[in-house]
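>>> Coordinates for the following, if possible.
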Amino acid sequence: MWIDARPRHNLPLPTWQRGHRVHGYWLDGQRLGHVGLSPRGQSPVVYGWAIDASTDAWGEERTLRTAKRRVEAAFRRLYSWRFPASRGY
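This next block holds a predicted model:
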């Protein structure tokens, strides 16, 4: 997946949307990443996360909050040129 546009400061930032057993990180109707819950009955419960555009950006975390932060950090690392506001300036 490639976002084809020039960097701008006034772009909307991605948002989280909840689903059934998965949370998606969305921007303009396109899913950028997701956090999913481990299968039912699996112990301990883990949250798998991934960036949809990259096969290298994925992992597992013990909490939903940490998994979401990993998705956001991976997004900032991959797309910081496109969204200067996400860099914290």
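>>> List the contacts of Asp52.
Neighbour list for Asp52: Met1, Arg31, Leu32, Gly33, His34 [criterion: Cβ atoms under 8 Å, 6 or more residues apart in numbering]. Just so you know, the C-beta spots here come from the backbone N, C-alpha and C atoms, and that holds for glycine as well.
>>> Mind doing that once more with 10 Å?
By Cβ atoms under 10 Å, 6 or more residues apart in numbering, Asp52 lies in contact with Met1, Gly24, Tyr25, Gln30, Arg31, Leu32, Gly33, His34, Trp58, Val71.
>>> Generate a ChimeraX selection restricted to the buried subset of these.
Restricted to buried positions by 16 or more other Cβ atoms under 10 Å, the ChimeraX selection for these reads:
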select :24,25,31,32,33,34,58,71
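>>> Helices - which of the contacts of Asp52 land there?
Val71 (DSSP state H).
>>> export the contacts of Asp52 to JSON lines and tack on distance to Arg65 and pLDDT?
Listed next are the contacts of Asp52 as JSON lines, based on distance: Cβ to Cβ, whole Å; pLDDT from 0 to 100:
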{"residue": "Met1", "distance to Arg65": "25", "pLDDT": "52"}
{"residue": "Gly24", "distance to Arg65": "16", "pLDDT": "96"}
{"residue": "Tyr25", "distance to Arg65": "14", "pLDDT": "95"}
{"residue": "Gln30", "distance to Arg65": "24", "pLDDT": "90"}
{"residue": "Arg31", "distance to Arg65": "20", "pLDDT": "92"}
{"residue": "Leu32", "distance to Arg65": "18", "pLDDT": "91"}
{"residue": "Gly33", "distance to Arg65": "15", "pLDDT": "94"}
{"residue": "His34", "distance to Arg65": "15", "pLDDT": "95"}
{"residue": "Trp58", "distance to Arg65": "17", "pLDDT": "92"}
{"residue": "Val71", "distance to Arg65": "11", "pLDDT": "94"}
